[in-house]
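Chemist: Sequence plus predicted model, see below.
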Amino acid sequence: MIHTIIHIILDIIESFGYIGIFIFMAIESSVLPLPSEIIMIPAGYLVWEGKMNAFLAIFAGTLGSLVGALCNYFIAVKIGRIFVIKYGKFFFMREKSLIATERFFNKHGEISTFIGRLIPVVRHYISLPAGLAKMKLWHFSLFTLIGACIWVSILTAFGWWLGDTFRGININEIANTFGKGELDTTQQYIKQKMHTILFGVLGFVCVCVGLYIWVIWKRNQKKDTIDS
């Protein structure tokens, strides 16, 4: 089943090009479990083949990510609070949790949105607490764009590298690497490289969080000095 879905996605991307990338990345940025790897890595491979432009592929993927994230954001803004108050107890979320979320995003919404776009699984849901907290729309859009652009660029570059490294490999083999089932030696190698990339991105996220904490600490220290 998963291989059939992957082949359908590839066919649509090859047929509709940048519009296909935009649509699937918008879906990926919603709560639907569609991995961005099976969209942007093949797109990077098509860039290597000369069938796509790298800038336009990245632009389409980033814009699609923003649109999908905005859909979740506005859903959370419009009905999120009502849903939590009425039905939150069934999902272990009380109004107190909502208030805490609002306070957190009022203080740390920008960094949370940015790093959330770089973390697997989290990227699908980070728009919801941002919407619940009614984070400033242009702040949310800006940091979503930055985070999404970095992630999309990494995947596109990886797809291009795969095409340049494994010149005889088929685009379907690359996409099937991220599906279910047995993997051949090349696909196992690709998956290992993807894991390395993920660990590198998570390391980058840790550095960003560390720097952010340090900046906040220095700011508070300076404020305490002025107050005293």
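Modeler: That came in fine, so what should we check first? Bear in mind that the values here come from a model prediction, so they are computed numbers and not experimental data. Numbers count the residues shown, from 1 in each chain.
Chemist: quick one: buried residues of the one helix or strand residue 109 maps to?
Modeler: Secondary structure from DSSP states H and E places residue 109 in helix 95-116. Buried residues in helix 95-116, counted by 16 or more other Cβ atoms under 10 Å: 98, 101, 102, 105, 109, 110, 111, 112, 113, 114, 115, 116. Placement of C-beta: from N, CA and C, glycine included.
Chemist: which helices and strands does that helix pack with?
Modeler: If you count contacts as 3 or more Cβ pairs under 8 Å, 6 or more residues apart in numbering; DSSP states H and E, helix 95-116 packs onto helix 81-87, helix 122-125, helix 127-132, helix 137-165, helix 185-227.
Chemist: ok, residues contacting it?
Modeler: Applying Cβ atoms under 8 Å, 6 or more residues apart in numbering, the external contacts of helix 95-116 come out as 81, 84-85, 88, 122-123, 125-126, 129-130, 132-136, 139-140, 143-144, 146-147, 205, 208-209, 212.
Chemist: now those: which count as buried?
Modeler: Of those, these count as buried by 16+ other Cβ under 10 Å: 81, 84, 88, 123, 126, 129-130, 132-135, 140, 143-144, 146-147, 205, 212.
Chemist: Have a look at the chain and report the helix or strand with the lowest mean pLDDT.
Modeler: Lowest mean confidence among the helices and strands of the chain (mean pLDDT, DSSP states H and E): helix 81-87, at a mean of 62.
Chemist: What separation do you get for residue 6 and residue 39?
Modeler: 10 Å (Cβ to Cβ, to the nearest Å).
Chemist: wait, I meant residue 100
Modeler: Between residue 100 and residue 39 the computed distance is 34 Å (Cβ to Cβ).
Chemist: hang on, the earlier thing: out of residue 6 and residue 39, name the residue with the larger neighbour count.
Modeler: residue 39 (32 against 22; other Cβ atoms under 10 Å).
Chemist: Report the spatially closest residue to the more buried one, excluding sequence-adjacent ones.
Modeler: If the residues on either side of it in the chain are set aside, residue 39 comes closest to residue 24, at 4.7 Å by Cβ to Cβ, 6 or more residues apart in numbering.
Chemist: Run through the protein and note the low-pLDDT ranges.
Modeler: Across the chain, the ranges flagged by pLDDT under 70 are 1-5, 31, 33, 82-98, 179-181, 224-228.
Chemist: can you rerun that using 90?
Modeler: 1-17, 28-38, 42, 51, 72, 75-109, 119-135, 163-191, 216-228 (pLDDT under 90).
Chemist: roughly how far apart are residue 174 and residue 116?
Modeler: Distance of residue 174 to residue 116, given as Cβ to Cβ: 26 Å.
Chemist: swap in residue 44?
Modeler: With Cβ to Cβ as the criterion, residue 44 and residue 116 are 23 Å apart.
Chemist: Also compute the angle for the helix or strand encompassing residue 24 relative to helix 137-165, please.
Modeler: Residue 24 is part of helix 18-28, with elements assigned from DSSP H and E. Relative orientation of helix 18-28 versus helix 137-165 (axes from the mean of the first three to the mean of the last three Cα atoms, to 10 degrees): 120 degrees.
Chemist: can you list contacts of helix 18-28?
Modeler: Residues contacting helix 18-28 (Cβ under 8 Å, 6+ apart): 9, 12-14, 16, 34-36, 39-40, 43, 52, 56-57, 59-65, 67-68, 71, 124, 152.
Chemist: Return the set of buried residues in stretch 25-40.
Modeler: 25-30, 34-40.
Chemist: Okay, residue 15 and residue 101: tell me how far apart.
Modeler: If you go by Cβ to Cβ, the gap between residue 15 and residue 101 works out to 41 Å.
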